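here are the coordinates; sequence isn't available:
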């Protein structure tokens, strides 16, 4: 078992050695001269060697004191830095949120004013990236990830299931190319997200197959590496995108996009809230996690139609029975 010297005496020694004055050390620590002298004598007794050569008006370090001072300073500095880090982690400092750029732009950032109004004492820093960043051990406190929920070392809670449906500008469908059945979508450029393909997702294939277009041979009209650009291209009438509530919800509510077919497919993927296993013990992380789920509930209520009997959609076909793929 390690024998620790009296820590108060060590702190008093460091101040006196730094100033080479018991009086200045006493002033810095807001104690009396005799308190400094008493604690240093106790430390010297514990060590068994003198640390100071005491003169009439000044003091000087002995050889033992000079050897003792550097590790004492280093140790006290480490303690101070550790205390600061713990304080920042538990009470101060921003909460760092890792999120896909598209989710940040189209869903999270427009809602942050609500979090700020509820928690004005919690600062938020957004790390918008497509990379899977380390959570907990690094700088990231909490993340919104897209996938199937299988990430090692973290808790992953399903925030919103991936509901797939085509979306387009209300100005896109034309009289010479009407959208009467799902196969008619193939008359238009089909917009895709290249990142989905890189992650072994083919959401257009999933939706078309579930909608009965099993032999569809489609060629992407335009491909984007982030879904934010994909949704904007659909708003601008460049083609028809495969979307979901997370990315297209606000554009649907504002009428910038419509659903040409009221038919939804549910793959085995979704948006997850991820955090280190013990992270919810930290109030600011729990507050942000709870707020995310509150916002999803707000969105769900906003999407309900009259009397809460169904989602508000703009469509040409009558509603079809939703199907699940890979569930």
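Sure thing, it's come through. Because the structure is a prediction, the values reported are computed rather than measured.

Now do the residue nearest the centre of the chain against residue 125, distance only.
For the chain, the residue sitting closest to the mean C-alpha position, by Cα atoms, centre = their mean, is residue 97 at 2.2 Å. Taking Cβ to Cβ, to the nearest Å as the measure, residue 97 falls 7 Å from residue 125. Glycine gets a C-beta too; all of them are placed from N, C-alpha and C.

ok, now which ones touch the residue nearest to the centre of the chain?
By Cβ atoms under 8 Å, 6 or more residues apart in numbering, residue 97 lies in contact with 108, 124, 125, 126, 127, 140, 141, 142, 143, 144, 288.

now do residue 244
Contacts for residue 244 (Cβ under 8 Å, 6+ apart) come out as 162, 163, 164, 165.

Can you say which of those are buried?
162, 163, 164, 165 (16 or more other Cβ atoms under 10 Å).

since we're on the residue nearest to the third one when sequence neighbours are not counted, how many residues are nearby?
Take residue 164 and drop its neighbours on the chain: the residue closest to it by Cβ to Cβ, 6 or more residues apart in numbering is residue 265, 4.5 Å away. Counted with other Cβ atoms under 10 Å, the neighbours of residue 265 add up to 21.

Spell out the residue ranges of the strands in the chain.
52-54, 59-61, 95-99, 124-128, 142-147, 155-161, 165-167, 190-193, 220-224, 240-243, 265-266, 270-275, 323-324 (DSSP state E).

name the helices or strands packed onto the second one?
Helices and strands in packing contact with strand 59-61 are listed as strand 52-54; criterion 3 or more Cβ pairs under 8 Å, 6 or more residues apart in numbering; DSSP states H and E.

could you redo the last one with a cut-off of 6 Å?
Under the contact definition 3 or more Cβ pairs under 6 Å, 6 or more residues apart in numbering; DSSP states H and E, strand 59-61 sits against no other helix or strand.

so where do the helices sit in the stretch 51-200 of the chain?
63-90, 101-103, 112-118, 194-198 (DSSP state H, counting those that start in this stretch).

pLDDT (mean, whole number) over the last one?
Per-residue pLDDT values across helix 194-198 average out to 59.

Kindly reformat the buried ones among the contacts of residue 244 as TSV containing distance to residue 118.
Shown next, in TSV, are the buried ones among the contacts of residue 244 (distance: Cβ to Cβ, whole Å):
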residue	distance to residue 118
162	28
163	27
164	32
165	32
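
Considering those residues, which is situated nearest to residue 230?
residue 164 (12.9 Å; Cβ to Cβ).

Pretty sure residue 207 is one of the things the closest one touches, is it not?
Yes: look at residue 164 against residue 207 with Cβ atoms under 6 Å: they come within range, at 5.0 Å.

so what's in contact with those two at the same time?
Shared contacts of residue 164 and residue 207 (Cβ atoms under 6 Å, 6 or more residues apart in numbering): 242, 265.

Give me the local confidence score for the closest residue to residue 136 other than its chain neighbours.
Spatial nearest neighbour of residue 136, excluding adjacent residues (Cβ to Cβ, 6+ apart): residue 276 at 2.9 Å. Residue 276 is assigned a pLDDT of 89 by the prediction.

now swap in residue 219 and tell me
In the predicted model, residue 219 carries a pLDDT score of 66.

Then residue 189?
At residue 189, pLDDT is 90.

Neighbours of it, how many?
A count of nearby residues for residue 189, using other Cβ under 10 Å, gives 18.

tell me the phi and psi of it?
Phi and psi for residue 189, reported as degrees, to the nearest 10, are phi -60, psi 130.

before we move on, what about residue 180?
According to degrees, to the nearest 10, residue 180 has phi -100, psi -30.

where does the closest residue in space to residue 111 that isn't next to it in sequence land on pLDDT?
Excluding the flanking residues, the one nearest residue 111 by Cβ to Cβ, 6+ apart is residue 295, at 5.4 Å. Note for residue 295: predicted pLDDT of 93.
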